[in-house]
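Engineer: A predicted structure for the sequence below; I have some questions about it.
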2 protein chains.
Amino acid sequence: MDEVFKALADASRRALLDRLHARNGQTLSDLCDGLDMTRQAVTKHLAILEAANLVATIRHGREKLHYLNPVPIHQIGERWIKKFERDKLAALSDLKRRLESRDA
Amino acid sequence: MDEVFKALADASRRALLDRLHARNGQTLSDLCDGLDMTRQAVTKHLAILEAANLVATIRHGREKLHYLNPVPIHQIGERWIKKFERDKLAALSDLKRRLESRDA
DNA sequence: ATAATAGGCAACTAAATGGTTGCATGTCAA
DNA sequence: TTGACATGCAACCATTTAGTTGCCTATTAT
């Protein structure tokens, strides 16, 4: 879980996930295209995403195809976001009340 | 959004959010209690959480009370997680198919 | 066969990060 | 009013991170 959060913390990596979301199964060169980064930098980012299990790859000849794995993102939604969602309204009204009683 | 992701990337900060989720409105000293970190380290983490708008604070005499703001977490769920949720099943079966055709 | 293409590896750098220590300030209680 | 308590500020340090450059290897197409 920690690896996933860390992987998602970087905007370039989130952008890569977005690209894969738009078109799955891209090669490294595909993913580099138009980015203001060297191929090696992209490789590193993809390695981090792969280590976090957010991306799976298969070699196809000299090409490496990258596929999005949505499961870890889903898990973050399930185990983390929803927890804070549950009593969101309660927390918010509480927060509001406290902030307003600042001058009381 | 980037600040929120960065803030959530650290396990200590997520733990602080968990603590506030368990009991809202804690002081700095409260939050330090039992943690294996100096008070100053906790202060820094809280500052980052506050900058990301995940925590709101009010001074109450010499105490500083910390309140959880669930909105940014909710927004991540809305604008980010759900996007990948939508075609999760499609992506997964696609991924599975591709991985299996590895030897084809 | 050979040149071009796709990717991998390793060393290095600069900046960000997470943490520390030491001291200062503001507020409350005896 | 003075000591204790809650927090703030700043300098410093080690490690991690994001990125680079340079070179090497494997596969494909001519």
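Structural biologist: Alright, I've got the coordinates. Please read these numbers as outputs of a predicted model, since none were measured by experiment.
Engineer: buried residues, stretch A:23-39. List them.
Structural biologist: Across stretch A:23-39, burial judged by 16 or more other CB atoms under 10 Å in any protein chain shown covers A:24-26, A:28, A:31-32. Glycine gets a C-beta too; all of them are placed from N, C-alpha and C.
Engineer: just those now: which is nearest residue B:62?
Structural biologist: residue A:31 (53.0 Å; CB to CB).
Engineer: helices or strands up against the helix or strand hosting that closest one?
Structural biologist: Per DSSP states H and E: residue A:31 is located in helix A:28-32. With contacts defined as 3 or more CB pairs under 8 Å, 6 or more residues apart in numbering or on different chains; DSSP states H and E, helix A:28-32 has these neighbours: helix A:11-22, helix A:39-51, strand A:63-68.
Engineer: does DNA strand C sit close to it?
Structural biologist: Yes. Using CB under 7 Å from any atom of the strand, helix A:28-32 reaches DNA strand C at A:28-29.
Engineer: and that helix, how far from the chain's centre?
Structural biologist: Centre-to-centre, helix A:28-32 and its host chain are 18 Å apart (CA atoms, centre = their mean, to the nearest Å).
Engineer: equivalent analysis for stretch A:78-86, please.
Structural biologist: Distance, stretch centre to chain centre, for stretch A:78-86: 17 Å (CA atoms, centre = their mean).
Engineer: can you give me the buried ones in it?
Structural biologist: In stretch A:78-86, counting by 16+ other CB under 10 Å, buried: A:80-81, A:84.
Engineer: which ones, among those, also lie beside DNA strand C?
Structural biologist: Near DNA strand C, by the rule CB under 7 Å from any atom of the strand, you find none of those.
Engineer: list just the nearest of these to residue B:51.
Structural biologist: residue A:84 (18.3 Å).
Engineer: look up how far residue B:44 lies from the closest one.
Structural biologist: Applying CB to CB, to the nearest Å, the value for residue A:84 to residue B:44 is 22 Å.
Engineer: same thing with residue A:20?
Structural biologist: 34 Å.
Engineer: in terms of neighbours, single out the busier of the two.
Structural biologist: The neighbour count for residue A:20 versus residue B:44, taken as other CB atoms under 10 Å in any protein chain shown, is higher for residue A:20 (24 against 14).
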